[in-house]
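# When you get a sec, could you give me coordinates for this:
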Amino acid sequence: MKLTSITFTGIDERTDLDRVREISEKYPYVEWGVLLSYHWQENGNRYPNPALLEKLEYGGLRLSAHLCGQMARDVADGETRKMYETINWNFDIFRRCQLNTNVSARYQELRSMRPFDRMLNEVILQMNSGDSLNSFLRYCEKPLFHVAYLLDASGGRGINTPIRVFDNKDIHIGYAGGMNPENVGAKLKQLLDFYSYGSFWIDMESGVRTEDDWLDLDKVQQVLDVCAPIIAEHDRHRQP
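Alright, predicted model coming up:
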């Protein structure tokens, strides 16, 4: 399979943005996820003040918005104004957006979300298992335009869950669930070695944070130190 990005979710107010830019320049496949919520002040360190987005605007970073709670539910219902106001209309810095909520059946035809969806390369829907995704795809009857799916039984809690490859070359699949510097190498190799023409990304959140829940760029670097040689070796074998 083909890796499209490694996503580190949870840029926060203590994150060294100069170092983030250095990492991104060295590893162009790195994407940074930003957790957004109406109640960011109550939700802990991994939810930054939305004012942080202004500092990210001109950094040349690959960024994804991860909408949580009522914000995600509002957007799924096509109600975006409060979200835009909360983040001071700084949404054009994102090219992907993940909705961390159960998606209503209305999303099946993308009617209510079309204006929002057109701004993005992808909307990511979170699924807790491949079985859930299969059921959702059967219900939809046809693939949803510009929609990707993150398989995450952990739900951002850092619970180590085994990789079960979802073999469907027609959709973009993400994998998460307790990845960290110690186990990411084996999981990435399993995915890259799976014989398929599909594309995927991996996402880490709790596994690259400190004990007091700040993003740990040392752990991010450890992950990349493990993953970069595996990616390079895989790419060499793919060359004709």
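# Name the residues of the helix or strand harbouring residue 3 that are buried.
Element membership for residue 3 (DSSP states H and E) is strand 2-9. By neighbour count with 16 or more other Cβ atoms under 10 Å, strand 2-9 contains the buried residues 3, 4, 5, 6, 7, 8, 9. For the C-beta atoms, the positions are set from N, CA and C on the backbone; glycine is no exception.
# need the next SSE after the lowest-mean-pLDDT helix or strand in the chain, C-terminal direction.
None of the helices or strands of the chain scores lower by mean pLDDT, DSSP states H and E than helix 114-117, at a mean of 63. Scanning forward in sequence from helix 114-117 by DSSP H and E, the next helix or strand is strand 122-127.
# Give the pairing partners of that following strand; include direction for each.
Here strand 122-127 has these sheet partners by DSSP bridges: strand 96-100 (parallel), strand 147-151 (parallel).
# so of those strands, which one's packed in deepest?
Across the strands paired with strand 122-127, the average number of neighbours (mean count of other Cβ atoms under 10 Å) peaks for strand 96-100, which reaches a mean of 24.
# give me every residue that touches residue 133.
Contact partners of residue 133, counting by Cβ atoms under 8 Å, 6 or more residues apart in numbering, are 127, 149, 151, 166.
# For these, work out which two are farthest apart.
127 and 166 (9.0 Å; Cβ to Cβ).
# show me what contacts residue 87?
Here residue 87 is in contact with 36, 50, 53 (Cβ under 8 Å, 6+ apart).
# Name the residues of stretch 216-234 that come out as buried.
For stretch 216-234, by 16+ other Cβ under 10 Å, it's 216-217, 219-224, 226-227, 230-231, 234.
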